[in-house]
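**Student:** Got a predicted model here, sequence first, then my questions.
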Amino acid sequence: MTANGLHAIRVHEADNVATAIADLAAGDAPLADTNIHAAVAIGRGHKIALAPIARGEAVIKYGFTIGTATTDIAAGEHVHSHNLATALSGSGDYLYAPDAGEAARDAGSARTFSGYARPDGRVGTRNEIWILPTVGCVGNLAARVARIAGARHAGRVDGIHAFKHPFGCSQLGDDLGHTRALIAALAQHPNAGGVLIVGLGCESNQLGALLDLIPADRRAHIRTLSAQAVEDDDAACLALVDELVDGCANMSRTEVSLSRLVLGVKCGGSDGLSGLTANPLVGRMADAVAAAGGKVILTEIPEIFGAEQILMDRAVSRGVFDDTVALVRDFKDYFIRNGEPVSENPSPGNIAGGITTLEEKSLGAVQKGGKVPVVDVRRYGGEATLPGLTLLEAPGNDAVSSTALTAAGATIILFTTGRGTPLGFPAPTLKIASNSALAERKAGWIDFDAGAVLDVGSDSAADALLDLIVATASGGSTKAEANEERDIAIWKSGVTL
């Protein structure tokens, strides 16, 4: 990325647009090395044409096509949804052309954090008790028990949390399987020193079938209860939570390599600066963790449409490439089966922030994976097991995809945003603002200001963010945790009885 002046950035030398890093008034010269002036006022994060672009011609950003001009565009004009449209369709031919590319920047090999070593060799960043309902009917029971037990055992563990959801009954086939797999995966998370799975008794998501998905060597810290089978469900649940707390309260943190971290990367409420500041910065964190031998998980599969070949080129084998192609095509088919275009994105907030097409959004979003080789592809509810970058099946929805990242084993989530959101998830979630104005305005939500990249440079900002990740993994509280924003959302993909 090259900053050519004080007002806008041209990301790649082939680009015929630049992105405003501050509001432009009509007549402003966005770049120092051109004679282009803004024809109209252009907001921060929005694009300005650097040369005439004819109707039907490609608009290029990040060195790639982000759509085609729907009318002739003069140099200096605002380029957005009024004159730019997606070129995506449901089809897609992909080429297996592995490219090792540029080596990832290694900034993490010598770094350590203080985490909880689990018997199976994984390391948690928290030592909490999680209460997971199999079905929505016992969600309030789980929440009530968590509240009472949290007060009873304050200070003995890092927290006691219930994760309510509305599903688990009146579901069929793969839809029920999604719910079951997701809860079973959460029950095995290394941040949970103890887990209570609460069922009702008559639901589709039966306890026995759910437990069958959990390996026997990962069940020692799990307790189960069917509410219909006991007289006093509150008392029975509390007794089991007491037992779980007693079993893990004496666990202590130990210093471990950054290779033991599992990093989930996510963007939500993106703007035109997300792909210039926050997402590339998170990509550097992915590089650091992977270079140290750790795991990185990237999801939001519909939000890589238009940029998927970049990830496919980093596949470590033909098998991983083929799995990536299948994952992308299956998700496109999911849209088409439901009568929706694959380009039904960006969101209204994205558009207001300057993102025009899904190609533009995706090219910015995939930067969160840095330069890390793609080593594996996992379906929804699956776990990332290999060092490197794992692609995970999940939609773009913030809550659904972040829950899937946690279930896949992420022990820290880096969540970039240009518009802001208060959401938090079971794994500690660091909110990273793409612009300093958001960081200042929503200081109660934002953990890190990636807008600083434009002032202090990428190296300095990357060092500061890595320090924050290490501190958070070692027990430092995120803004979402301090605000008690801890929720899950499950992907509902089928009929309801």
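**Tutor:** In hand now; what should we look at?

**Student:** What segments of this protein are helices?
**Tutor:** Taking DSSP state H as the test, the helices found in the chain are 139-152, 173-187, 207-211, 233-248, 278-291, 308-312, 318-337, 348-352, 358-365, 398-407, 436-441, 453-456, 458-473, 479-482.

**Student:** which of the ones you listed sits most buried?
**Tutor:** Comparing the helices of the chain by mean neighbour count (mean count of other Cβ atoms under 10 Å), helix 358-365 ranks first with a mean of 28. C-betas here are computed from N, CA, C, even on glycine.

**Student:** circling back: for K266, find the nearest of the helices of the chain.
**Tutor:** Across those, the minimum distance to K266, taken as Cβ to Cβ, is reached by helix 398-407, at 5.5 Å.

**Student:** model confidence over the closest one, on average?
**Tutor:** Mean pLDDT, helix 398-407: 98.

**Student:** cool, and stretch 172-182?
**Tutor:** The average pLDDT within stretch 172-182 is 95.

**Student:** Which one of the helices of the chain lies nearest to L31?
**Tutor:** helix 453-456 (14.5 Å).

**Student:** Not counting the closest one itself, show me its contacts.
**Tutor:** Helix 453-456 is contacted from outside by 3, 21, 276-277, 280-281, 436, 461, using Cβ atoms under 8 Å, 6 or more residues apart in numbering.

**Student:** what's the closest of these to P428?
**Tutor:** Nearest to P428 among the contacts of helix 453-456 is L281, at 17.9 Å by Cβ to Cβ.

**Student:** Check what pLDDT the closest one gets.
**Tutor:** L281 is given a pLDDT of 98.

**Student:** which residues sit in contact with it?
**Tutor:** So L281 contacts 416, 432, 450, 453, 458, 461-462, 465 (Cβ under 8 Å, 6+ apart).

**Student:** try 7 Å this time
**Tutor:** 450, 453, 458, 461-462, 465 (Cβ atoms under 7 Å, 6 or more residues apart in numbering).

**Student:** if I look at it, how far off is V375?
**Tutor:** 22 Å (Cβ to Cβ, to the nearest Å).

**Student:** about what we covered before: can I get the contacts of L281 in TSV with pLDDT?
**Tutor:** Output for those, formatted as TSV (pLDDT from 0 to 100):
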residue	pLDDT
A450	97
V453	95
S458	94
A461	97
A462	97
L465	98
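
**Student:** Check the residues you listed against A227 and report the nearest one.
**Tutor:** Distances from A227 to those, taken by Cβ to Cβ, are shortest for L465, at 43.7 Å.

**Student:** picking that back up, the contacts of helix 453-456: which two are farthest apart?
**Tutor:** P280 and S436, at 16.0 Å, using Cβ to Cβ across the contacts of helix 453-456.

**Student:** For E481, list the residues it contacts.
**Tutor:** The contact partners of E481, taken as Cβ under 7 Å, 6+ apart, are 424, 428.

**Student:** and if you look at the one 4 residues further on?
**Tutor:** E485 is in contact with 422-424, counting by Cβ under 7 Å, 6+ apart.

**Student:** Can you read off the pLDDT for V289?
**Tutor:** Note for V289: predicted pLDDT of 97.

**Student:** correction: E340
**Tutor:** With respect to pLDDT, E340 scores 83.

**Student:** what's the spacing between it and Y334?
**Tutor:** Distance, E340 to Y334, by Cβ to Cβ: 9 Å.

**Student:** And for E484?
**Tutor:** When distance is defined by Cβ to Cβ, E484 is 34 Å away from Y334.

**Student:** now swap in L225 and tell me
**Tutor:** 35 Å.

**Student:** Which strands or helices does the longest strand along the chain pack on?
**Tutor:** If you go by DSSP state E, the chain has its longest strand at strand 192-199. In terms of contacts (3 or more Cβ pairs under 7 Å, 6 or more residues apart in numbering; DSSP states H and E), strand 192-199 is packed against strand 128-133, helix 207-211, strand 222-226, helix 233-248.

**Student:** Which residues does stretch 369-381 contact?
**Tutor:** By Cβ under 7 Å, 6+ apart, the list of residues contacting stretch 369-381 reads 101-102, 104, 178, 181-182, 185, 265, 283-284, 286-287, 290, 296, 298, 311, 314-316, 320, 323-324, 327, 384, 386, 388-394, 404, 407-408, 491.

**Student:** Then stretch 317-326?
**Tutor:** If you take Cβ under 7 Å, 6+ apart as the criterion, stretch 317-326 is touched by 94, 96, 311-312, 315, 374-377, 391.

**Student:** Filter these down to just the ones in strands.
**Tutor:** The strands, defined by DSSP E, take in 374-377, 391 from the contacts of stretch 317-326.
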